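Student: I would like to see how this sequence folds:
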Amino acid sequence: MSVRTRVARTLAGTLIVLAALVSVGLTAPADAPFRIGVHAVFFGVDVDITFGTLHLHFDWSANPLTAPTTKPVSRLL
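Tutor: Alright, predicted model coming up:
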């Protein structure tokens, strides 16, 4: 078996496992040990991933909460 075939099979297997984990996590009940919660917020997304006691949180918003500058706040006015 060539290296290209092994890499292709490994990549395909990884994608299948990730798709399975995401589908199981999205459909899991709120008290399940593994769950993924996706919530829409104003112009953004809020994602919570829980695996046992590990809790990961990711949020993204199109509206920045801070000013997009490197200047100090006192010099903005």
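Student: buried stuff in stretch 22-36?
Tutor: 25, 35-36 (16 or more other C-beta atoms under 10 Å). In short, each C-beta sits where N, CA and C put it, glycine included.
Student: do stretch 4-13 as well
Tutor: Buried residues in stretch 4-13 (16+ other C-beta under 10 Å): none.
Student: what's the average pLDDT for it?
Tutor: Stretch 4-13 carries an average pLDDT of 95.
Student: what of stretch 33-43?
Tutor: 87.
Student: helices along this structure, start to end?
Tutor: Shown for the chain, the helices assigned by DSSP state H span residues 3-27.
Student: quick one: the buried residues of stretch 22-36 as TSV, columns for distance to residue 17 too.
Tutor: Listed next are these as TSV, based on distance: C-beta to C-beta, whole Å:
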residue	distance to residue 17
25	12
35	17
36	15
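Student: nearest to residue 50 among those residues?
Tutor: residue 35 (5.2 Å; C-beta to C-beta).
Student: backbone dihedrals for the nearest residue to the closest one once chain neighbours are set aside, both of them.
Tutor: For residue 35, ignoring the flanking residues on the chain, the nearest one in space by C-beta to C-beta, 6 or more residues apart in numbering is residue 28 at 4.1 Å. Dihedral pair for residue 28: phi -70, psi 150, per degrees, to the nearest 10.
Student: how much space between residue 28 and residue 1?
Tutor: 37 Å (C-beta to C-beta, to the nearest Å).
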